[in-house]
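> Need coordinates for the below:
(one chain, ligands or ions: 1)
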Amino acid sequence: MKIYKPDFYLKNIFLVTPEFCQKNGIKALLLDADNTLCIYHTNYPVKGVKEWINQMQKKGIKLYILSNAKPERLKTFARNVNLPYFYLSLKPLPFKTIKAVKNLGYKRKEVALIGDQMFTDIIGGNLAGVRTVWVDYIEPEESKFFKFKRKIEKRIKKSLKRSDV
Ligand SMILES: [Mg+2]
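Predicted coordinates:
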């Protein structure tokens with residue numbers, strides 16, 4: 001398997017349903033925050049995320065925020081959605097991902113990391129040995145470095161097929 005390829009490639013998190021998780025043997029989800037659940041620099045999830053969280057939790061899917069964001073904002077965000085979290089996770093380094101899996105009490109293959117970035121979320125998840133779900137970003141970024149990364153991602157995405165849900 002190629003380190004930059006996700007197990008699943010979906011338009012957004014809302015396609016990850018309890019049925020999807022059950023079908024694929026996924027018991028818990030590690031969630032990237034920025035551009036996956038919320039817009040950069042904000043403390044609140046985008047429309048529909050709170051309802052999605054409730055729906056997943058009702059069916060027994062455990063959720064854990066795994067973000068590279070700085071403590072102050074991420075803590076507020078995590079409190080707003082009422083989920084356990086790690087900030088400054090240093091993805092793609094695998095250590096915090098592995099620790100989150102331990103905290104959840106599942107095997108690595110029973111856990112999937114969902115995120116919008118190939119270089120942090122997908123490569124990080126693959127290095128840690130969890131399943132990976134690549135979702136499209138909510139909003140395009142402004143910085144040159146980000147635009148460069150998104151260009152590479154676009155090329156990779158062309159070689160991927162959307163996963164069945
Ligand atoms: Mg992100």
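> can you pull out the strands in this structure?
Along the chain, the segments classed as strands by DSSP state E run 8-10, 28-31, 62-66, 85-86, 111-115, 131-135.
> Check which residues of the top helix by length along the chain are buried.
Counting by DSSP state H, the longest helix found in the chain is helix 144-158. For helix 144-158, the buried set under the neighbour-count rule, 16 or more other CB atoms under 10 Å, comprises Lys149, Arg150, Glu153, Ile156, Lys157. (C-beta placed from N, C-alpha, C; glycine too.)
> cool, and stretch 119-139?
Neighbour count says stretch 119-139 has 120-128, 130-135, 137-138 buried, by 16+ other CB under 10 Å.
> ditto for stretch 34-47
For stretch 34-47, the neighbour count (16+ other CB under 10 Å) marks Asp34, Asn35, Thr36, Leu37, Cys38, Pro45, Val46 as buried.
> what's the span of that stretch from first residue to last?
Separation of the first and last residues of stretch 34-47 by CA to CA, to the nearest Å is 14 Å.
> Looking at the buried residues of helix 144-158, which two lie furthest apart in space?
Largest separation among those by CB to CB: Lys149 and Lys157, giving 12.3 Å.
> what's across from the most centrally placed residue in the chain in the sheet?
What sits nearest the mean C-alpha location of the chain, by CA atoms, centre = their mean, is Ile114, with 2.3 Å. Listed by DSSP bridges, the beta-bridge partners for Ile114 are Leu31, Val133.
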